[in-house]
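K.L.:
Using only what follows, build the 3D model:
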Amino acid sequence: MKILYGVQGTGNGHITRARHMANALASRPDMTVDYFFSGRNKHAYFDMTPFGDYESGRGLTFVTQNGRIDYRKTITQNNLFNLVNEIKTLMVKDYDLIINDFEPITAWAAKKAGIPSLSVSHQAAFLHHVPKHKQGLLDKLITRYFAPTKYSLGTHWYHFGYDIIPPFVPKELVDNAYKHRVSEDILVYLPFENPNEIREQLNYLSDYTFVCYHPEVSQKSKDKNIEWRPLSTKSFKQTLNYCSGVISNCGFELSTECLSLGKPLLVKPLARQYEQLSNAFTLQELGVSHVIHQLDSEAIDDWLQQRVGIQIQYPTNCELFIDWIAKGEWENPSEVRKKLWESVEFPPQIRQRLQSFV
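P.N.:
You can find the predicted model right below:
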């Protein structure tokens, strides 16, 4: 089976999910997989070895500024003519399947060419009646038409009674968690926030030490109680393993990893981004995370003094899922969904809260 895997490259969460899948797909002699990314300049990607000689395009992306989506810049800095041209010129006719993680060029190219396409993304879960926070008409249109596919299988922290599968967590992340002594450091990952504002709020909290990863940081440095680091998958995972808590925006993948490791989590969702706002709402309803909507040292200090982590064991092996893909039964995910959820272990207090969602 020849597969083209399209990945939205704007956020690192999509790439993290694709990286896990790529490592598993690489061991399959019955599958040949090519990768296509869009949403950022090719030189801005990092740690892309699992994807081999991947292709990239400009695609579409949301522009953020100071912790919120800037709709004016999003409109002015995206080029629809260029997008249409990228869709027309992408050759997909030789592929048996397009796997898509919210990437518009491969999704629309597959639709245009009549090639089977399967969405495997967190966004696909929002096609169902899962918990949402103030989803407007524009949000609905983006969810359905930004990267449309013939088949879809969303990923979420719970299935909510629909054809949704659990997230996969890298086995090495979970295994390494038991090899590190937990430190007092707090991991900070707020890529959509202004570094100066992060610095100002965290410097007030001089009794704590923070390790902050940010895309605007080019080299490691120390600033009072903050250690600044450039983005690096290996270094980030090491810090995640030994830290005593995480402060982040509310992307799906990092939140999932925190839940899998039982790390205390404080989220500041990206303003005006309904997916992150919905994620924050769900995490708060489940009682597994605290939520703030602006960077505030007092709110952060309150969380630091009472932080408690809750662990949910999600599957680390995606071979069962890849077997399902290989069988071509993309219109019928019920059996694989059931088997995958059987491997998830929820603490009793979380299982009780989940009943209110179904």
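
K.L.:
Ramachandran angles for residue 213?
P.N.:
Note on residue 213: backbone dihedrals following degrees, to the nearest 10 are phi -100, psi 130.

K.L.:
what residues are up against it?
P.N.:
With contact taken as Cβ atoms under 8 Å, 6 or more residues apart in numbering, residue 213 is in contact with 187-189, 191, 229-232, 235-236, 239. Glycine gets a C-beta too; all of them are placed from N, C-alpha and C.

K.L.:
swap the cut-off to 10 Å and go again
P.N.:
12, 187-191, 227-232, 235-236, 239-240, 248 (Cβ atoms under 10 Å, 6 or more residues apart in numbering).

K.L.:
roughly how far apart are it and residue 34?
P.N.:
From residue 213 across to residue 34, the span is 29 Å (Cβ to Cβ, to the nearest Å).

K.L.:
Quick one: end-to-end distance for stretch 309-328.
P.N.:
39 Å (Cα to Cα, to the nearest Å).

K.L.:
Start at 39, not 1
P.N.:
Right, with 39 as the first residue, what we last looked at is stretch 347-366.

K.L.:
Of all residues in this structure, which one is nearest the centre?
P.N.:
Centroid-nearest residue in the chain, with Cα atoms, centre = their mean: residue 51, separated by 2.9 Å.

K.L.:
Flag every buried residue along the strand or helix carrying that one.
P.N.:
If you go by DSSP states H and E, residue 51 is part of helix 50-63. For helix 50-63, burial by neighbour count (16 or more other Cβ atoms under 10 Å) applies to 50-60, 62-63.

K.L.:
okay, these in TSV with pLDDT next?
P.N.:
Formatted as TSV, the buried residues of helix 50-63 follow (pLDDT from 0 to 100):
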residue	pLDDT
50	87
51	89
52	93
53	94
54	92
55	93
56	95
57	94
58	93
59	95
60	96
62	94
63	96
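
K.L.:
Which of these sits closest to residue 183?
P.N.:
Checking the buried residues of helix 50-63 against residue 183 with Cβ to Cβ, the nearest one is residue 52 at 17.9 Å.

K.L.:
How far off centre is stretch 174-186?
P.N.:
The chain centroid and the centroid of stretch 174-186 are separated by 18 Å, computed with Cα atoms, centre = their mean, to the nearest Å.

K.L.:
Need the contact partners of that stretch.
P.N.:
Identification of contacts with stretch 174-186 by Cβ under 10 Å, 6+ apart yields 44, 46, 76, 97-98, 100, 109, 138-146, 148-149, 155, 157, 159, 161-165, 170-171, 173, 190, 310-313, 315-316.

K.L.:
residue contacts, the closest residue to residue 69 other than its chain neighbours?
P.N.:
Nearest residue to residue 69, sequence neighbours excluded (Cβ to Cβ, 6 or more residues apart in numbering): residue 39, at 5.1 Å. Residue 39 makes contact with 66, 68-71, 133-135, 363-364, 366 under the criterion Cβ under 10 Å, 6+ apart.

K.L.:
Inside helices: which ones of those?
P.N.:
If you go by DSSP state H, these have 363-364 in helices.

K.L.:
out of the contacts of residue 39, which are buried?
P.N.:
66, 69, 71, 133, 135, 363.

K.L.:
Select only the buried ones of the contacts of residue 251 in ChimeraX?
P.N.:
Per 16+ other Cβ under 10 Å, the buried members of these correspond to this ChimeraX selection:
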select :50,225,226,227,228,229,265,266,267,268,269,274,277,278,286
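
K.L.:
Out of the contacts of residue 251, name the ones that lie in strands.
P.N.:
Counting by DSSP state E, the part of these found in strands is 225-227, 265-267, 286.

K.L.:
between these, which is nearest residue 128?
P.N.:
Comparing these against residue 128 with Cβ to Cβ picks out residue 227 as the nearest, at 32.0 Å.

K.L.:
how much space is there between the closest one and residue 299?
P.N.:
Going from residue 227 to residue 299 by Cβ to Cβ gives 14 Å.

K.L.:
Could you do residue 283 as well?
P.N.:
11 Å.

K.L.:
same question, residue 69
P.N.:
Taking Cβ to Cβ, one finds residue 69 at 30 Å from residue 299.

K.L.:
and if you look at residue 306?
P.N.:
Distance from residue 306 to residue 299, by Cβ to Cβ: 20 Å.

K.L.:
These two - which one has more neighbours?
P.N.:
residue 306 (24 against 20; other Cβ atoms under 10 Å).

K.L.:
How many residues are close by the residue lying closest to that one once chain neighbours are set aside?
P.N.:
Of all residues not flanking residue 306 in the chain, residue 330 sits nearest, at 5.1 Å (Cβ to Cβ, 6+ apart). Using other Cβ under 10 Å, residue 330 is surrounded by 17 other residues.

K.L.:
quick one: contacts for residue 330?
P.N.:
By Cβ under 10 Å, 6+ apart, the contact list for residue 330 reads 285, 304-307, 318, 336-338, 340-341.

K.L.:
again, only this time at 7 Å
P.N.:
304, 306, 337 (Cβ atoms under 7 Å, 6 or more residues apart in numbering).

K.L.:
Do I have it right that the first one meets residue 287?
P.N.:
No. Applying Cβ atoms under 7 Å, one finds residue 304 not in contact with residue 287, separated by 10.7 Å.

K.L.:
Of these two, which one has the most company?
P.N.:
Taking neighbours as other Cβ under 10 Å, residue 304 and residue 287 compare with residue 287 leading, 24 against 21.
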